[in-house]
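[1] Just the structure for this:
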Amino acid sequence: MSQFSLLLIFFPMFIMIINLKSSLAATYFSSECSNTTMFANNTKYQTNLNTLFHYLTSNATNRYGYHAATAGVGTNNVVYGHFLCRGDQSKSSCQDCVNTATTDLPDTYCPNRKVGIIWYDECMVRYSNESFFGIFDHELGYILSNTQNVTGNVLRFTNITDDMLINIMDHASGGGSEIKYATGGVVFTSLVMVYGLAQCTPDLSSSDCKTCLEDAIAQFPICKGSRLLRPSCNARFETYQFFNGNVDVMGTVAPSLPPLPPPRSNATRMGAGAGTGTMIISPTSGNSKTSTNKMIAIVIVGLALLQLDYLQ
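    This is a model prediction of the structure:
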């Protein structure tokens, strides 16, 4: 077989692999910067920020998906930062997200800003010229709400969802200094379950974590799904399983159901003096990366078998 014929066979497969790998990129949601506090290029602050990001990315595969670091201690250009990966993420997924965040945040979303935070579906990265470790930040947040209305008994839906969220909030806030994360589910009807997630940065005290999550739950509208993103915590509920792992079902044992497709949502920005705005997003199921990895593996094995067949 000629080299040109081999190229015709393998080139589309390599393109497929590249496209599949690109689909593993972190899902961006939002970012915030300090518009008044800036630094110039090639300054000590920029050097310290780069060092901080190196510390974060180097620790993005730790067991608990969280790491805090400081660069430039004892100087006027000290930088504080940390990352928090969603509690169900693998080490590789967490690392990919942190790598993406520490590149996108200074280059695209917050260039030359001394303060910045960025949220992805898989992680959050934050840095500042002032220490925020262990401090409950309630000044900024984003609510993302499902545009579809609840069908059926709305009052029952609201009650069982609130009970589930309170339950997982208690479990998350009761976590230790390494992880504060919990998920759960509850049966709404024979065909519908409601799933929930709650997480805080583990540097928060249990009481501050609980306060942050309580406030998040109180702001959820009556709808089929919603989430609140904050610097200190995040909470979410949906009528499809959006996280990886087994579900701790409250009440009745969950029926065996196929995953429901994620619906369209709208996001509203909140915060003191932050103004408001909306954007349309499409949440992705937490299982999508696993399926994509399997597809990549299948393609790679296929390529290897074709190559062996050719060599023989």
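
[2] and Tyr181, that's in a strand?
    Yes: assigned with DSSP: H, G, I helix; E, B strand; the rest coil, Tyr181 falls within a strand.

[3] looking at it, it is touching Gln199, isn't it?
    Yes: here Tyr181 reaches Gln199: they are 4.4 Å apart, a contact under CB atoms under 8 Å. C-beta here means a position set from N, CA and C on the backbone, and glycine is covered the same way.

[4] ok, these two, which is more surrounded?
    The residue with more neighbours, out of Tyr181 and Gln199, is Gln199; 28 against 23, by other CB atoms under 10 Å.

[5] ok now do that one, which residues does it touch?
    Leu84, Arg86, Gly87, Ala172, Lys180, Tyr181, Ala182, Cys233, Asn234, Ala235 (CB atoms under 8 Å, 6 or more residues apart in numbering).

[6] And for Leu204?
    Residues near Leu204 by CB under 8 Å, 6+ apart: Gly134, Phe136, Lys180, Cys212, Ser232, Cys233.

[7] Hmm, Thr211 and the fifth one touching each other?
    No: taking contacts as CB under 8 Å, Ser232 lies outside contact range of Thr211: 9.3 Å.

[8] hey, what's in contact with both of these two?
    Joint contacts of Ser232 and Thr211 (CB under 8 Å, 6+ apart) are Phe136.

[9] who's more crowded, these two?
    Ser232 (25 against 18).

[10] Could you list the low-pLDDT ranges of the stretch 201-312 of the chain?
    250-312 (pLDDT under 70).

[11] Give me the domain ranges for the protein.
    Domain segmentation of the chain under automatic domain parsing yields 28-133, 140-286.

[12] Quick check: end-to-end length of the shortest one?
    Distance between the two ends of domain 28-133: 24 Å, counting by CA to CA, to the nearest Å.

[13] Need the contact partners of stretch 129-139.
    37, 45, 68, 70, 77-80, 82, 114-115, 126, 203-205, 208, 211-212, 215, 230-232, 271-272, 274.

[14] Just the helices from the stretch 1-150 of the chain, written as ranges.
    For the stretch 1-150 of the chain, applying DSSP state H, counting those that start in this stretch gives helices covering 3-22, 44-58, 91-104.

[15] And those helices, which one averages the lowest pLDDT?
    Lowest mean pLDDT within the helices of the stretch 1-150 of the chain: helix 3-22, at a mean of 42.

[16] wait, isn't Val98 in contact with Val125?
    Yes: the criterion here is CB under 8 Å, and Val98 meets it with Val125 at 6.3 Å.

[17] who touches both of those two?
    Contacts common to Val98 and Val125, judged by CB under 8 Å, 6+ apart, are Leu56, Phe83.

[18] just to revisit the earlier point, can you flag which of the contacts of Leu204 belong to strands?
    Lys180, Cys233 (DSSP state E).

[19] Retrieve the pLDDT associated with Ala25.
    Taking Ala25 on its own, its pLDDT is 72.

[20] Tally up the residues packed near it, please.
    By other CB under 10 Å, the residues close to Ala25 number 12.

[21] quick one, what contacts it?
    Asp96, Thr100.

[22] Please tell me how far it sits from Ala182.
    27 Å (CB to CB, to the nearest Å).

[23] picking up where we left off before, find residues that contact each of Tyr181 and Gln199.
    Taking CB under 8 Å, 6+ apart as the contact rule, Tyr181 and Gln199 both touch Arg86, Gly87, Ala172.

[24] all strands for the stretch 151-300 of the chain, in order.
    180-187, 193-200, 226-229, 233-238, 249-250, 265-271, 278-281 (DSSP state E, counting those that start in this stretch).
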